[in-house]
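Asker: Quick one: sequence plus predicted model below, questions after.
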Amino acid sequence: MKHIKGNGGYIKKSIIISIILGLCLIFSTVSFLFLNPKAAPAAEATTATKPVAVKLININTASAEDLTSLKGIGEKTAQAIVEYREKNGAFKAIEDIKNVKGIGDKKFEVIKGSICVK
């Protein structure tokens, strides 16, 4: 293999080789997809995000142990939720949980997608 001589000759040669290899990769990928039509939907299926089923915790019936599975809710706050519910009755909306000591706007924002009232 001959080397291109001169200032920056070796760098220019490696750039040209990189471009050629890149074009070969693109050509082989396009050829594969064109000649194998079943591969395109399979490739799309692997990149698509599938929705994940989230198990909502009913704050009106959940035990303290269940409530600790919520992000940012420890044993003390979980017990406070249960005690608040026993004293004041069922929560009418998930936002009512902010009435419990230890749950403010920030913590509510973290857990609101994981809780429900029924």
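Answerer: Okay, I see it. What you are looking at is a predicted structure, and each value in this text was computed from that prediction instead of being measured.
Asker: where does the protein have its least confident helix or strand?
Answerer: helix 39-47 (a mean of 55; mean pLDDT, DSSP states H and E).
Asker: Quick check: next helix or strand after that helix?
Answerer: strand 57-58 (DSSP states H and E).
Asker: That following strand packs against which elements?
Answerer: strand 115-116 (3 or more Cβ pairs under 8 Å, 6 or more residues apart in numbering; DSSP states H and E). (Each C-beta comes from the backbone N, C-alpha and C, glycine too.)
Asker: how far is the strand it packs on from where the chain is centred?
Answerer: Relative to its parent chain, strand 115-116 has a centroid offset of 20 Å by Cα atoms, centre = their mean, to the nearest Å.
Asker: Helix or strand: which one has the closest residue to V100 other than its chain neighbours?
Answerer: Closest residue to V100 apart from its sequence neighbours, by Cβ to Cβ, 6 or more residues apart in numbering: Y84 at 4.7 Å. Under the criterion of DSSP H and E, Y84 resides in helix 75-88.
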